[in-house]
Each structure stands twice: as C-alpha cells, then as structure tokens.
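A.B. asks: mind folding the following:
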Amino acid sequence: MLVLSRRENESIVVGRTITIKVVGIRGNKVRLAIDAPQEVPVDRAEVRERMEREGWLAERAVEALVESNGPMNPVISFVI
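C.D. replies: Got it, this is the predicted structure:
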C-alpha cells in the first residue's frame, strides 16, 4: 500500500484518467474531489461492501459494460 501526504488543494493522479484532490480538511475529516471517467465506479468502501453483499455490484458492472459500448463517456466529478 502506498501512503501519501497531501495538503489542501493538492492532488494525486492515478493512471492517466483519475485525479484525487484534497478540497477541505476539518478536524479529523478530509473532503476529496475525484475526477474519473464515468465508466470507473467510485464508491465509499462501506457502500461498495453493501453493494457486494446485496448483489448490486454485478448489476452495475453490466450497466457500465452496456454504456461503454455507446458514445464516448465524459469525465465526471465526485465530491465525497
């Protein structure tokens, strides 16, 4: 596991298409902005675990596959 330190407004780049930026720090909470292609699922870990338990992840993978065969998907932004 790679551990990096970042200050507010600093970013990390993953591969060629994913950027994670620290947009705020308050006490023990960090706000992140994630820019990733639409076909890359981005979820909080607890949400992903619930999806896996309930079988939602397989449905989402099929939807992403169907969408990826359509027109080029733009980059979308998430703030967690």
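A.B. asks: chain neighbours aside, what residue packs nearest to residue 13?
C.D. replies: Using C-beta to C-beta, 6 or more residues apart in numbering and skipping residues adjacent in sequence, the residue nearest residue 13 is residue 19, 5.4 Å away. (Each C-beta comes from the backbone N, C-alpha and C, glycine too.)
A.B. asks: my read is that neighbour is in a strand, agree?
C.D. replies: Yes. The assignment for residue 19, made by DSSP: H, G, I helix; E, B strand; the rest coil, places it in a strand.
A.B. asks: who's it bridged to?
C.D. replies: residue 13, residue 35 (DSSP bridges).
A.B. asks: got the contact list for it?
C.D. replies: 11, 12, 13, 34, 35, 36 (C-beta atoms under 8 Å, 6 or more residues apart in numbering).
A.B. asks: please enumerate the strands of the chain.
C.D. replies: Secondary structure of the chain (DSSP state E): strands at 11-14, 18-26, 29-37, 75-79.
A.B. asks: which of those comes out lowest on mean pLDDT?
C.D. replies: Among the strands of the chain, strand 75-79 carries the lowest mean pLDDT, a mean of 54.
A.B. asks: so which residue is dead centre in the chain?
C.D. replies: residue 42 (2.9 Å; C-alpha atoms, centre = their mean).
A.B. asks: make a PyMOL selection of the buried ones in the contacts of residue 19.
C.D. replies: Filtering these down to the buried ones (16 or more other C-beta atoms under 10 Å) takes a single PyMOL command:
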select buried, resi 34+35+36
